[in-house]
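Visitor: any chance you can model this:
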Amino acid sequence: MKLQVALDVATLGDALTLARQTAEHVDILELGTPLIKAEGLRAITAIKAAHPDKLVFADMKTADAGELEADLAFTAGADLVTVMGTADDDTVKGAVAAGRKHGKDVVADMIAVVDNRVSRIREVSKFGVSFVEIHAGLDEQARPGYSIQALLDDGKQAGVPFSIAGGIKPDSIGSVQEAGATVAVAGGAIYSAADPGAAAKALRSRIR
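Guide: Predicted coordinates:
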């Protein structure tokens with residue numbers, strides 16, 4: 001299982017610092033949607049230039065014009081790009097077409113897909129995405145009673161390649177691996193830590 005750090009910061013300087021602190025312990029550097037909105041595609045290029053040995057994940061959260069937006073991100077240096085699982089089927093297929101052109105990967109982000117999530121995961125997987133990200137956003141995680149277990153259960157039930165993003169911590173990352181995830185996405189557990197590098201190392205140590 002790969003470890004992905006979400007660089008959920010708003011400036012390129014902060015993203016480069018966080019990437020430098022954590023790169024030794026992670027496989028994938030994710031540029032969060034706010035970072036891309038604030039800094040533009042140049043942030044993708046800069047992170048890839050600074051860490052050419054890492055996979056760079058552009059969390060575009062594309063909801064329309066899938067082929068165009070994915071092409072822009074891949075041209076800027078991204079290795080993986082997200083398209084919304086809630087988007088029109090042709091939007092997902094368009095992003096996949098761009099991925100094939102560049103020889104890169106497209107990930108369907110299932111954030112905000114709650115009803116019939118397993119069914120939609122299986123459906124978008126047939127369009128050629130490399131895997132789906134079963135994702136609980138920050139607002140969902142803040143609700144009383146939130147549990148990552150629902151994400152893990154849906155991943156196991158869906159039976160397709162998936163990642164998990166939704167409040168992963170050292171005490172839960174083992175369960176993510178046991179559920180069969182190909183990627184564990186950690187955000188706040190790393191970027192909110194006093195020592196992000198040590199936090200990333202602690203998560204890596206829990207992966208078998």
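
Visitor: skip the chain neighbours and tell me the closest residue to Gly159.
Guide: Nearest non-adjacent residue to Gly159, counting by CB to CB, 6 or more residues apart in numbering: Arg122, 7.5 Å away. The way it works is simple: take the backbone N, C-alpha and C, and place the C-beta from them, glycine included.

Visitor: and the helix or strand encompassing that neighbour, what's buried?
Guide: Using DSSP states H and E, Arg122 maps to helix 117-125. Of the residues in helix 117-125, 117-118, 120-121, 124-125 count as buried by neighbour count, 16 or more other CB atoms under 10 Å.

Visitor: can you give me the helices for this structure?
Guide: Counting by DSSP state H, the chain has helices at residues 12-22, 33-39, 42-50, 66-76, 89-102, 117-125, 138-141, 149-158, 173-178, 188-191, 196-205.

Visitor: chain center to the third one, what's the gap?
Guide: In other words, helix 42-50. Relative to its chain's centre, helix 42-50 lies at 17 Å (CA atoms, centre = their mean, to the nearest Å).

Visitor: would you put the C-alpha positions of that helix in PDB?
Guide: Taking Å, rounded to 0.1, in the frame of the first residue of the first chain, the C-alpha atoms of helix 42-50 are listed here in PDB:
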ATOM      1  CA  ARG A  42       2.500  26.200 -11.900                       C
ATOM      2  CA  ALA A  43       2.200  24.500  -8.500                       C
ATOM      3  CA  ILE A  44       2.100  21.100 -10.200                       C
ATOM      4  CA  THR A  45       5.100  21.900 -12.200                       C
ATOM      5  CA  ALA A  46       7.100  23.200  -9.200                       C
ATOM      6  CA  ILE A  47       6.300  20.200  -7.000                       C
ATOM      7  CA  LYS A  48       7.200  17.700  -9.800                       C
ATOM      8  CA  ALA A  49      10.500  19.600 -10.500                       C
ATOM      9  CA  ALA A  50      11.400  19.500  -6.800                       C
END
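
Visitor: neighbouring contacts of it?
Guide: Residues outside helix 42-50 that contact it (CB atoms under 8 Å, 6 or more residues apart in numbering) are 7, 12, 15-16, 19-20, 29, 31, 35-36, 56, 58, 73, 76-79.
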